[in-house]
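**Student:** Got a sequence here, can you build the structure:
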Amino acid sequence: MQITGRITILVLCLTFLPTKFSNAEEKFWSLKNDKVNVRYGHGKGHAIKYVYRKINLPVKQIDKKDNWRRIVDLKNNSGWIHDSQLKKSNSIIILIDKILFKKPSHLSKPIVRLQKGRLLIIKNCEDNWCKITDNNYSGWIKAENIWGSIK
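**Tutor:** Next up, the predicted model:
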């Protein structure tokens, strides 16, 4: 009888253990500036690992400590960024070639073919279609096979 009770307590402890140590939900952000330092650890005392030089680049938060966010990018590079360098996600990178349409429908007029890896700024999304812009074009793409969040 006592062994069964101990096993039950052990199972309950192991069930809740992972959530206790998880400090952050996975969430997408965009880089606020065109120069953002990524550090080995959470704090200015840690060395700079590399520097992003792409404003609006989408990154995924995988951990957080105080005002620091541990992020990972599309190429699986990771490190720590101060939250002052991040903004609510407003961009995506397309993972396959896509057609940009005039309206949110495959039956709409195609505008241009966008190549895989292109960074796009989201204006708004509806019914799994997103209105996007970049330097040259504005239109709608299907919101699938992308890196980033449309929420």
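**Student:** only C-alpha atoms for contact and neighbour calcs from this point on.
**Tutor:** Will do.
**Student:** Quick check: residue 72 touching residue 78?
**Tutor:** Yes. If you go by Cα atoms under 8 Å, residue 72 and residue 78 touch, sitting 4.2 Å apart.
**Student:** can you give me the strands for this structure?
**Tutor:** 27-31, 36-39, 48-52, 58-65, 68-72, 78-82, 86-88, 91-94, 98-101, 110-114, 119-126, 129-133, 138-142, 146-148 (DSSP state E).
**Student:** Turn the ones you listed into CSV, including mean neighbour count and mean pLDDT.
**Tutor:** Below are the strands of the chain laid out as CSV (neighbours: other Cα atoms under 10 Å; pLDDT from 0 to 100):
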stretch, mean neighbour count, mean pLDDT
strand 27-31, 22, 97
strand 36-39, 20, 98
strand 48-52, 14, 98
strand 58-65, 22, 98
strand 68-72, 22, 98
strand 78-82, 23, 98
strand 86-88, 17, 97
strand 91-94, 24, 97
strand 98-101, 20, 98
strand 110-114, 15, 97
strand 119-126, 17, 96
strand 129-133, 20, 96
strand 138-142, 22, 97
strand 146-148, 21, 97
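**Student:** Would you confirm that residue 121 contacts residue 58?
**Tutor:** No. The pair residue 121 / residue 58 is not scored as a contact, 9.9 Å apart, by Cα under 8 Å.
**Student:** list the residues that contact both of these two?
**Tutor:** Taking Cα atoms under 8 Å, 6 or more residues apart in numbering as the criterion, residue 121 and residue 58 both touch 90, 91, 92.
**Student:** need the contact list for the last one.
**Tutor:** Contact partners of residue 92, counting by Cα under 8 Å, 6+ apart, are 57, 58, 119, 120, 121, 122, 146, 147, 148, 149, 150.
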